[in-house]
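**Q** Following is a predicted model, sequence given first.
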Amino acid sequence: MKIELNNTADQLTYPNEIQVSQFYDDVINGLSAPNKYLQSKYFYDVNGDKLFQRIMELKDYYPTAAEMDIFSDKTDLLISAITANNEEEFDIIELGAGDAIKSQHLLKSLIKDKISFTYIPIDISKNITDFLSISLPVAIPDIKIEAINADYLSGLEIALSRSTNKKIILFLGGNIGNMEPHAAVQFCKEIQSSMAPGDKLILGIDLKKNPKRILSAYNDSTGVTKEFNLNLLTRINTELGADFDTSSFDHYASYDPISGACKSFLVSLKKQVVIIRNEVVNFEKNEVIFMEISQKYSPNEISHLAQLSGFKLTAALYDGEHDFTDVVWTVE
Ligand code: AVJ
């Protein structure tokens, strides 16, 4: 099913005041730091969702197709790793569900196999959670869905407070790559501590590979990734009343094949001043804003991450090219 995010645009509510003030504080903190940065979670407003959909369709952006390959070809392996012959009803909690296009393969197969579960997608974009609540019951009749509009950890807390079932947590798409490696360990530990023995985490992780392919995925020839990054400046203009001139910033992506860190920056093309409400932000010519990390891992580093965060590796699935992996980790 092809998702048309445009259709939900007219159902949007304006962000509430608490969210706006958190956004404002995060932006001001990031832009007053000695090395300026913005948090990549703020990419996903209505326009950002659409731009990310366009990124996922790019030939250069391989992770989506690779993970799709795993979810469409290895669904049976996934299901046996999840259910492990257990008949208990369970909940599938998906962190950062997005258009849920990959997980739908799994959800459909589970329904077909008459396995009973509730699907709880969590997403920071209300545009997305509204859309899923409306469209999934159409695409997958009989599905039980309870969408939550929140960031990962507060969403997980809400989901856990509602459920006493066995849990399968999905964290797909390489979203964990948006955390620095030390933060990824902390995050996995935190998830682990909220889970019970027998619960499982399915984690989608982008693998280290030819550095040129990685760089092209974040420096695409059509410029959509640049637009995706600049859109955050536009969002700051509209939601926080700033006056960024997006044509005075360029996009720069880098990849370090040893650390596995792929980083995106915006570069100020001239000395300039930006006003955000009462705050004045000065940019030197060529000063950068660090926008996003998309960390890549080797299979060994992934095993290490499982160990550090207290999980047992139950299964590791790969696409045909070994570009991407979905691992199934269990709490013992
Ligand atoms: C949605 C976080 C997995 O880091 O690959 C795509 C976002 N940024 N192109 C990624 C993204 C630039 C994407 N994730």
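**A** On my side now, so go ahead.

**Q** okay, CA-based contacts and neighbour counts for the rest of this
**A** OK.

**Q** out of everything not next to it in sequence, what's closest to residue 248?
**A** residue 269 (5.2 Å; Cα to Cα, 6 or more residues apart in numbering).

**Q** State the distance from that neighbour to residue 234.
**A** 17 Å (Cα to Cα, to the nearest Å).

**Q** So if I had to pick from those two, which one is more boxed in?
**A** residue 234 (19 against 16; other Cα atoms under 10 Å).

**Q** Please spell out which residues along stretch 247-266 are buried.
**A** For stretch 247-266, the neighbour count (16 or more other Cα atoms under 10 Å) marks 249-255, 257, 260-266 as buried.

**Q** Let me see the ranges of the strands in the stretch 1-150 of the chain.
**A** Using DSSP state E, counting those that start in this stretch, the strands of the stretch 1-150 of the chain run over 90-95, 117-123, 148-149.

**Q** Give the residue spans of the stretch 101-250 of the chain that score low on pLDDT.
**A** Scanning the stretch 101-250 of the chain for pLDDT under 70 picks out nothing.

**Q** Provide the partner residues of the nearest residue to residue 253 once chain neighbours are set aside in its beta bridges.
**A** Excluding the flanking residues, the one nearest residue 253 by Cα to Cα, 6+ apart is residue 264, at 4.4 Å. Beta bridges link residue 264 to residue 253, residue 292, judged by DSSP bridges.

**Q** pretty sure residue 264 is touching residue 250, no?
**A** No. Taking contacts as Cα atoms under 8 Å, residue 264 lies outside contact range of residue 250: 10.7 Å.

**Q** Tell me how many other residues crowd the residue in the stretch 201-332 of the chain that the ligand sits nearest to.
**A** Proximity of the stretch 201-332 of the chain to the ligand (Cα to the nearest ligand atom) peaks at residue 294, 4.3 Å away. Residues near residue 294, counting by other Cα under 10 Å, number 21.

**Q** Next, it: phi, psi?
**A** phi -120, psi 90 (degrees, to the nearest 10).

**Q** roughly how far apart are it and residue 233?
**A** Taking Cα to Cα, one finds residue 294 at 20 Å from residue 233.

**Q** tell me which element residue 255 is part of?
**A** Counting by DSSP states H and E, the element that carries residue 255 is strand 249-256.

**Q** how about that strand as CSV, C-alpha atoms only?
**A** The C-alpha trace of strand 249-256 is given here as CSV (Å, rounded to 0.1, in the frame of the first residue of the first chain):
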residue,chain,number,x,y,z
PHE,A,249,23.0,27.5,4.0
ASP,A,250,24.3,24.5,2.2
HIS,A,251,24.2,20.8,3.1
TYR,A,252,27.3,18.7,3.8
ALA,A,253,27.5,15.0,4.6
SER,A,254,30.5,13.0,5.8
TYR,A,255,31.2,9.4,6.6
ASP,A,256,34.1,8.0,8.7
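
**Q** which secondary structure elements does it contact?
**A** helix 211-217, helix 224-240, strand 261-268 (3 or more Cα pairs under 8 Å, 6 or more residues apart in numbering; DSSP states H and E).

**Q** for these, which one ends up most surrounded?
**A** strand 261-268 (a mean of 22; mean count of other Cα atoms under 10 Å).

**Q** neighbouring contacts of that strand?
**A** If you take Cα atoms under 8 Å, 6 or more residues apart in numbering as the criterion, strand 261-268 is touched by 214-215, 218, 229-230, 248-256, 283-296.

**Q** give the contact list for the residue most central in space within the chain.
**A** Nearest to the geometric centre of the chain sits residue 175, at 3.6 Å (Cα atoms, centre = their mean). Counting by Cα under 8 Å, 6+ apart, residue 175 makes contact with 96, 204-205, 294.

**Q** Tabulate those residues (JSON lines), appending distance to residue 332.
**A** Shown next, in JSON lines, are those (distance: Cα to Cα, whole Å):
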{"residue": "96", "distance to residue 332": "25"}
{"residue": "204", "distance to residue 332": "20"}
{"residue": "205", "distance to residue 332": "22"}
{"residue": "294", "distance to residue 332": "29"}
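
**Q** Any of those buried? List them.
**A** Neighbour counting over those (16+ other Cα under 10 Å) leaves 96, 204-205, 294 as the buried ones.

**Q** For residue 38, see how far away the residue lying closest to residue 236 once chain neighbours are set aside is.
**A** With Cα to Cα, 6+ apart as the criterion, residue 236 has its nearest non-adjacent residue at 6.0 Å, and that residue is residue 242. Noted for residue 242: a distance of 14 Å to residue 38, by Cα to Cα.
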